[in-house]
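Asker: From the sequence below, what's the structure:
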Amino acid sequence: MAPSLSKVALVEPMEVEDGEVPLSITLEGSNFFANGHPILTQVPPNIVATPSPFISKDPTQNMVGCFVGFNAAKPQSRHVAAIGKLRDIRFMSIFRFKVWWTTLWVGRSGKDLEYETQMVLLDKSSSTTTSGRTRPYVLLLPIVEGPFRASLQPGMSPYL
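Answerer: Numbers count the residues shown, from 1 in each chain. Now for the predicted structure:
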């Protein structure tokens, strides 16, 4: 069952040996946050976030992240779904421009992405929240599993 978008999807942070807290990605209302910093805003209501179920026996190896999916009205062979607005966050990405070739691309907004983007790395921030946490690097990585294939693409400005 997918998580409810009307409830706050908080991931409990875990302590590690050096006192650092692992990164946390949350979907609160219509915004995705990383350590309390918004990374995607105006997330549509059909988007769902599921915390990562992968937990190591060694707590120092645990990373807190999530899987992002969407609900569709009917099954189709191709779906295009907006996952939110990406604005004023520097990123670097890798996109496929030919069947076997990829290249680097950079930007600051969802409209700056190229079609067939295979990976996006959002830059960290130096600003802190009231709790003293900075925005970490965030990796957006579409999943390919069996017959399912995903990629990122620009949407209506500045949607991703």
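Asker: What lies in contact with the lengthiest strand in the chain?
Answerer: With residue count as the measure and DSSP state E as the assignment, the chain has strand 87-98 as its longest strand. With Cβ atoms under 8 Å, 6 or more residues apart in numbering as the contact definition, strand 87-98 has outside contacts at 39, 41, 102-110, 112-123, 125, 151-152, 158. (C-beta placed from N, C-alpha, C; glycine too.)
Asker: Ok, stretch 126-138 next?
Answerer: Surrounding stretch 126-138, the residues in contact under the criterion Cβ under 8 Å, 6+ apart are 21, 23, 25, 34-37, 39, 121-125.
Asker: So how do I select the buried members of the residues you listed in ChimeraX?
Answerer: Here is the ChimeraX command that selects the buried residues among the contacts of stretch 126-138 (16 or more other Cβ atoms under 10 Å):
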select :23,25,34,35,36,37,39,121,122,125
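Asker: Which of the contacts of stretch 126-138 scores worst on pLDDT?
Answerer: Scanning the contacts of stretch 126-138 for pLDDT, the low point is Val21. It has 45.
Asker: and the gap between the residue most central in space within the chain and Leu113?
Answerer: When the chain is reduced to its mean C-alpha position, the closest residue under Cα atoms, centre = their mean turns out to be Leu140, at 4.6 Å. When distance is defined by Cβ to Cβ, to the nearest Å, Leu140 is 10 Å away from Leu113.
Asker: what do you get for Leu141?
Answerer: When Leu141 is compared with Leu113 (using Cβ to Cβ), they lie 14 Å apart.
Asker: can you list residues touching both of these two?
Answerer: Overlap between the contact sets of Leu141 and Leu113, as judged by Cβ under 8 Å, 6+ apart, is given by Val120.
Asker: All good on my end, thank you.
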